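Novice: next comes the sequence, and after it the predicted model I'd like to discuss.
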Amino acid sequence: MLTEPASDALTEEWADHRQQIEEAKARGDFDAIVSPVRHGDRPHYDRKATYYASEFEARLVEASMLPSERGNDSLLVDVMKDAMGNVVGPVACC
């Protein structure tokens, strides 16, 4: 996962970013770019990449594609089930 430079970044920053993309493609491990910039406002665009508005969104998608450690549909399902906890029901207070 790579993070795109700001839209007003220097040409050198964009060149470094493009180089990182090319190196990742050569390794075969490139598929996601984090960029808060809207598609139409993006100065550079790679058709083979998927763009995400935040790293959180990209990590959710990544977790949804990873295998479950407990036999669920994905690692994301494992995490969501853990987050739910074991709620039995409402408890009267005082």
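Specialist: Received it, and whenever you're ready, just let me know what you need. Numbers count the residues shown, from 1 in each chain.

Novice: next one: residue 48 from residue 56, what distance?
Specialist: Look at residue 48 and residue 56: by C-beta to C-beta, to the nearest Å, they are 23 Å apart. C-beta: built from backbone N, CA, C; applies to glycine.

Novice: same check, this time on residue 69
Specialist: In terms of C-beta to C-beta, residue 69 sits 21 Å off from residue 56.

Novice: residue 14 too?
Specialist: Going from residue 14 to residue 56 by C-beta to C-beta gives 24 Å.

Novice: neighbour count: those two, which is higher?
Specialist: residue 14 (16 against 9; other C-beta atoms under 10 Å).

Novice: could you look up the SS state of the more buried one?
Specialist: Three-state assignment for residue 14 (DSSP: H, G, I helix; E, B strand; the rest coil): helix.

Novice: surely it touches residue 6?
Specialist: No - counting by C-beta atoms under 8 Å, residue 14 sits too far from residue 6 to count as a contact (9.8 Å).

Novice: pLDDT weak spots in the protein?
Specialist: Scanning the chain for pLDDT under 70 picks out 30, 39-45, 85-91, 94.

Novice: strands along that one, start to end?
Specialist: 2-3, 32-34, 50-52 (DSSP state E).
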